[in-house]
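> Can you look at this prediction? I've put the sequence above it.
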Amino acid sequence: MRPRSQLLCLALFLACCFVYENLRTPEAERRAAAPTPASSTPPPLRHAVASAALPPLTPPRVSPRLSSPPLPSPLSPSRLGSPPPPPLCTSVQCAAPLGREEPSWAQLSFQPRIDWSRGGVRGDCVAGELEYILPKYCAHHPRRAAAGGWPSEERLRRIDVHASRLPQASLAAVARLLANRTLLLMGDSVMEQFYNALQCYLRQEGLEQHNSAEFLAFIARTAPLWRMGKRKKPPKLPQQARGGMRMMYARVTTMQPDEVQAALGTADVVVLNWGLHYQRMGQYLDDLKAAFAVLEEYAKRPGKAVVFQETGAQHFKSSDPRGFTTGEYEKRDKSTDGQCTCRPIEDVNVNLRNQVLHTALASGEFPHIRLLPFYSLTRPRWRWHFGNCTHRPNGWNYETCCDCTHFCYSPAMWHAHLYNLEQQLLQTSLASPTT
Ligand SMILES: *[C@@H]1O[C@H](CO)[C@@H](O)[C@H](O)[C@H]1NC(C)=O
Ligand SMILES: *[C@@H]1O[C@H](CO)[C@@H](O)[C@H](O)[C@H]1NC(C)=O
């Protein structure tokens, strides 16, 4: 228990520092729309140039101590499960309005469109895909160039009050656990955003290595496993880390049995989500159970792990005939897509999916499959979506793009997610390599 309470103290201390820095009285909340008072100059929207003059980061960028492993527990990993997730609101009746907790100087509007030609930026929203974050945030030695018009990493941490309060882990902490293992992230485009963040930190933390001929040959050898399936898409974006971790991403949306087999033929550790692309919950439950039966057998083996990530929240403006508003994509208000705005509201439809997931895992039949929380991390982030994303160079919904699904880049969010991932991996046989 001791390291746990130390950890708690440290987390509390950091949280207090943070709250002190960002204390906002109810009165301050009411003034949130007012112009920034002179006494609380926001960190610059520009790049690193100005950061020398700024106060130190609160909390520290990544604290390695926050992610040191707990002492081995006498309990077997399978009995050590995480506390049961909080009950989910799955109907419009309980859909709770969300707050507006970011500092008043944060620029998180949904209009006008993201400026794609100038780096995928609108105010403090930076499109989270690799091509947009790599030149801004991922350098091993942060660039001093005054190229810019985008928020500094420190500014984003100050704005992201939701995640900056949470414990953070570096990619190095996860890579240590996964030395000489192959990590596969598998899921939809939100999972790809997570993968892109991992690629970013691989470089930023100086872990990036050239892909060896051996690794490339391995990918070529395993590609036929993926070509058997419907989608015929082998994993992409392979990367190798110092310490021997290898990682890649497979874009999948729904469960295909041959892709589950291909994943297990390719990776030691699978971080997985299917969710947003399921509309029928009965089908979702059947597919999860079928896949989990196979994945459980794999996850039992020493040196292997399967981690299923919850589906992240969406925050669409809806036009429900009953007069309710929800964050559901399915009920999004297309008539007002011309003025895309995301809504501060609980997404009951995503919750339905996560409830199915929790139900499947609560059956107790799959004790080795770990649950990676993601809903509570994304629930309050209604202001952190792309919003008006028209005229995107890739042409996706060119004139109508209104995105309340994908997330603007936030280092605090992804490092908090990495911390959660590390915590789940510590519950697997990877944490005790002697077995
Ligand atoms: C990883 O593999 C390398 C080369 O085979 C070996 O030297 C190293 O000890 C391995 N690391 C771990 C943690 O197993
Ligand atoms: C997006 O913003 C542009 C101006 O930048 C505006 O003309 C267009 O109507 C907006 N579209 C949506 C879908 O919000």
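Received, thanks. Numbering: from 1, shown residues only. Ligands and ions are numbered 1, 2, ... in the order given.

> Tell me, how many residues neighbour whichever residue of the stretch 201-350 of the chain sits closest to ligand 2?
Here the residue of the stretch 201-350 of the chain nearest ligand 2 is C340; by CB to the nearest ligand atom that distance is 3.8 Å. Bear in mind the C-beta positions are built from the backbone N, C-alpha and C, glycine included. By the criterion of other CB atoms under 10 Å, C340 has 24 neighbours.

> Let me know the pLDDT of it.
Turning to C340, the model gives it a pLDDT of 88.

> got the contact list for it?
Neighbouring residues of C340 by CB atoms under 8 Å, 6 or more residues apart in numbering: F110, Q111, K317, G387, N388, C401, C402, D403, C404.

> Tell me which entries of those residues lie within strands.
Counting by DSSP state E, those place G387, N388, C402, D403, C404 in strands.

> Skipping its backbone neighbours, what lies nearest the residue of the stretch 201-350 of the chain closest to ligand 2 in space?
Spatial nearest neighbour of C340, excluding adjacent residues (CB to CB, 6 or more residues apart in numbering): C402 at 3.3 Å.

> shouldn't the one you found be in contact with R392?
No - the pair C402 / R392 is not scored as a contact, 11.5 Å apart, by CB atoms under 8 Å.

> Of these two, which one has the most company?
Counted by other CB under 10 Å, C402 and R392 do not tie: C402 has more neighbours, with 25 against 17.

> residues contacting the more buried one?
Counting by CB under 8 Å, 6+ apart, C402 touches R332, D337, C340, G387, N388, C389.

> out of these, who's nearest P151?
P151 has its nearest neighbour among the contacts of C402 in G387, at 15.7 Å by CB to CB.

> Report the beta-bridge partners for the closest one.
D403 (DSSP bridges).

> next SSE after the helix or strand bottoming out on mean pLDDT in the chain?
None of the helices or strands of the chain scores lower by mean pLDDT, DSSP states H and E than helix 26-30, at a mean of 28. Sequence-wise, the next helix or strand downstream of helix 26-30 (DSSP states H and E) is strand 121-122.

> Which elements pack onto that following strand?
Using 3 or more CB pairs under 8 Å, 6 or more residues apart in numbering; DSSP states H and E, no helix or strand is in contact with strand 121-122.

> let's number from 578 now, not from 1
Let's use 578 as the start, then, which means that last one is strand 698-699.

> So for that strand, mean pLDDT?
Here the average pLDDT along strand 698-699 is 97.

> ok, now how distant is the residue of the chain found nearest ligand 2 from Y986?
Closest approach between the chain and ligand 2, counting by CB to the nearest ligand atom: P689, at 3.1 Å. According to CB to CB, to the nearest Å, P689 and Y986 sit 19 Å apart.

> how about the residues of this structure near ligand 1?
Residues of the chain lying close to ligand 1 by CB under 6 Å from any ligand atom are A756, N757, G821.

> Show only the entries of these found in strands.
Among these, no member falls in strands (DSSP E).

> With distance to G859 and pLDDT as added columns, please give those residues in TSV.
Shown next, in TSV, are the residues of the chain next to ligand 1 (distance: CB to CB, whole Å; pLDDT from 0 to 100):
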residue	distance to G859	pLDDT
A756	41	97
N757	41	97
G821	42	97
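
> Tabulate those in JSON lines, adding columns for neighbour count and distance to T830.
Compiled in JSON lines, those are given as follows (neighbours: other CB atoms under 10 Å; distance: CB to CB, whole Å):
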{"residue": "A756", "neighbour count": "13", "distance to T830": "31"}
{"residue": "N757", "neighbour count": "11", "distance to T830": "30"}
{"residue": "G821", "neighbour count": "13", "distance to T830": "31"}
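
> And those, which is closest to W973?
Closest to W973, out of all of those and judged by CB to CB, is G821, at 36.3 Å.

> Please name the nearest non-neighbouring residue to that closest one.
N757 (3.7 Å).

> all strands of the stretch 828-977 of the chain, in order?
Counting by DSSP state E, counting those that start in this stretch, the stretch 828-977 of the chain has strands at residues 846-849, 882-886, 946-949, 962-965.

> Please read the previous query as pertaining to the stretch 678-827 of the chain.
698-699, 702-703, 759-764, 785-786, 813-818, 823-828.

> and these as JSON lines, adding mean neighbour count and distance to T936?
Below are the strands of the stretch 678-827 of the chain laid out as JSON lines (neighbours: other CB atoms under 10 Å; distance: least, CB to CB, whole Å):
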{"stretch": "strand 698-699", "mean neighbour count": "22", "distance to T936": "39"}
{"stretch": "strand 702-703", "mean neighbour count": "24", "distance to T936": "35"}
{"stretch": "strand 759-764", "mean neighbour count": "24", "distance to T936": "20"}
{"stretch": "strand 785-786", "mean neighbour count": "16", "distance to T936": "40"}
{"stretch": "strand 813-818", "mean neighbour count": "18", "distance to T936": "32"}
{"stretch": "strand 823-828", "mean neighbour count": "23", "distance to T936": "26"}
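
> And the helices in the stretch 828-977 of the chain?
In the stretch 828-977 of the chain, the helices defined using DSSP state H, counting those that start in this stretch lie at 834-843, 858-876, 925-939, 952-955.

> This protein against ligand 2: which residues are in contact?
So the chain meets ligand 2 at Q688, P689, R690, D914, G915, Q916, C917, N965, T967, T977, C979 (CB under 6 Å from any ligand atom).
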